[in-house]
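J.: Turn this into a model:
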Amino acid sequence: MKFMRLCSLFFALLISTPASFASELTVTDMAGREVTLTMPAKRIVLAEARQLVSLSLIDRDVARRIAGAAGTRLFDPELREAYKTAFPEFAAAAQLDDETSSLSAEKTIAVEPDLVILSGDIGSNPRTDALLNTLTAAGIPAVFIDFRADPYENTIPSVELLGKVLGKEKEAQAFLDFYRQHRDAVVQRVAKISDRPTVLLHMQASAQDKCCMSPSRANLGRFVSEAGGINIGEAVVPGAFAQLSPEYVLAQNPDVYIGTGGRHLASTDGMVAGPDVSQEEAEASLTKVTSLPVIRDIKAVREGSAHGLWHNFHNNPLNVVALEVMAKWFHPDAFSDVDPKATLAEINTRFLPVPLKGALWIDQRKE
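T.: From the prediction side, this is the model:
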């Protein structure tokens, strides 16, 4: 009888063991919300599939935990397919877009996630509030990260937050040590430079854009300043982004032009730069963009100081590479020893499970 009681106790402990590893974690997300979740999170939903790159920087196998994702069209196609090839679990993840390519609450609930990661706009709005209310009612925790609205201030705390909710705080700290080292090196050197060029940062540059969509100090606009340039949009753009008038652009006559883009702009004669884009394709697209009305008439283009940049640098922690690239464009002599290609190569080797390759930035062809 005693033996039977011992056996029963042993099996009871065995059955309960998995639960003993589960624990509750309470965090404050980038929207200032206090969120409690059960750790470890094993079934994760991404509101934007492209944030897989951000998560992968601190967990090389996180793609195996993705139960579903929305916003797939925003994820560079070649890079998305590379992740699907490397991680069959991600290839099998549910598509959770609603009719507007946003995250569907109903589809999300159906895949039974234990964590939803929201990104993009972090402010309150009716659509997001309705989504959060539905998820909360279903007992599904959701956290906001921010690499888009104010990436200069929020990249570090967003990575720290991801480290906590993914159970990878040590790995997050390793990446942030690298990030801070490279960012601080640029910012500290720029602080000693007084002569700063004016810069037109043309977001989503294409023939369909009636010159020119530009950020204020938000998004990559702050990075222009920290890299030692003067963002001409900062003084006049209300909110995060706005269209600059052709008259304003011509009057400012910027010293440097940067057009952002990606594969999605190829069909509109736009700026094409990014993962698996060839040097030749990127150069050809920049030539088309710099031939557009208004843009072709500014000093930057006339004097060979026009450049192209992968648009999705604006929405993940790889923005530190863009910072180095801009610093070299604005102050080539002061940053002659800085090598963004080497920085990216180290990120590929140390952090990313799927390396980023291709023309992520490009310079105007010299005549």
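J.: Grab the longest helix from this structure for me.
T.: Using DSSP state H to define each element, the chain has its longest helix at helix 169-190.
J.: chain center to that one: distance?
T.: Here helix 169-190 is found 16 Å from its chain centre; the criterion is C-alpha atoms, centre = their mean, to the nearest Å.
J.: and the gap between the nearest residue to residue 173 once chain neighbours are set aside and residue 113?
T.: In space, and not counting its chain neighbours, residue 173 is closest to residue 163: 6.9 Å by C-beta to C-beta, 6 or more residues apart in numbering. All C-beta spots, glycine's among them, are computed from the backbone N, C-alpha and C. For residue 163, the distance to residue 113 equals 19 Å [C-beta to C-beta, to the nearest Å].
J.: Same check on residue 224?
T.: From residue 224 across to residue 113, the span is 37 Å (C-beta to C-beta).
J.: More neighbours: the two, which one.
T.: Neighbour count, other C-beta atoms under 10 Å: between residue 224 and residue 113, residue 224 has more, with 31 against 26.
J.: Do I have it right that that one meets residue 200?
T.: No - look at residue 224 against residue 200 with C-beta atoms under 8 Å: they stay out of range, at 9.5 Å.
J.: Next, show the common contact partners of the two.
T.: residue 258 (C-beta atoms under 8 Å, 6 or more residues apart in numbering).
J.: coming back round to it: show residues contacting the longest helix of the chain.
T.: With C-beta under 8 Å, 6+ apart, helix 169-190 has contacts from 57-59, 155-156, 159-160, 162-164, 166, 226-228, 317, 320, 323-324, 327, 331, 334-335, 338, 343, 346-347, 350-351.
J.: Quick one: mark the members of the residues you listed that sit in helices.
T.: Judged by DSSP H, the contacts of helix 169-190 include 155-156, 159-160, 162-164, 226, 320, 323-324, 327, 343, 346-347, 350 as members of helices.
J.: Who wins on neighbours among those?
T.: residue 323 (27 neighbours).
J.: looking at it, that one is touching residue 229, isn't it?
T.: No - taking contacts as C-beta under 8 Å, residue 323 lies outside contact range of residue 229: 11.0 Å.
J.: Distance of residue 131 relative to residue 140?
T.: Applying C-beta to C-beta to residue 131 and residue 140 gives a distance of 10 Å.
J.: Check residue 339 too.
T.: Distance, residue 339 to residue 140, by C-beta to C-beta: 44 Å.
J.: Which one's more surrounded, these two?
T.: Applying other C-beta under 10 Å to residue 339 and residue 140 shows that residue 140 carries more neighbours, namely 21 against 13.
J.: dump the residue contacts of the more buried one.
T.: 108, 109, 113, 114, 115, 116.
J.: same question, residue 76
T.: Taking C-beta under 8 Å, 6+ apart as the test, what residue 76 contacts is 50, 262, 263, 274, 275, 276, 312.
J.: in the stretch 251-367 of the chain, which ranges drop under the pLDDT threshold?
T.: Scanning the stretch 251-367 of the chain for pLDDT under 70 picks out 367.
J.: Do a quick rundown of the strands in the protein.
T.: Applying DSSP state E to the chain gives strands spanning 23-28, 34-39, 44-46, 66-69, 94-95, 115-118, 142-144, 198-202, 213-215, 230-231, 241-243, 256-261, 306-310, 361-363.
J.: Give me the contacts around the fifth one.
T.: The reference is to strand 94-95. With contacts defined as C-beta under 8 Å, 6+ apart, strand 94-95 is touched by 67, 68, 69, 70, 72, 107, 110, 111.
J.: Let's see that with 7 Å instead.
T.: Residues from elsewhere that reach strand 94-95 (C-beta atoms under 7 Å, 6 or more residues apart in numbering): 67, 68, 72, 107, 111.
J.: try the fourth one
T.: Surrounding strand 66-69, the residues in contact under the criterion C-beta under 7 Å, 6+ apart are 43-46, 49, 52, 89-90, 93-94, 96, 108, 111, 113.
J.: Please consider this matter closed, and thank you.
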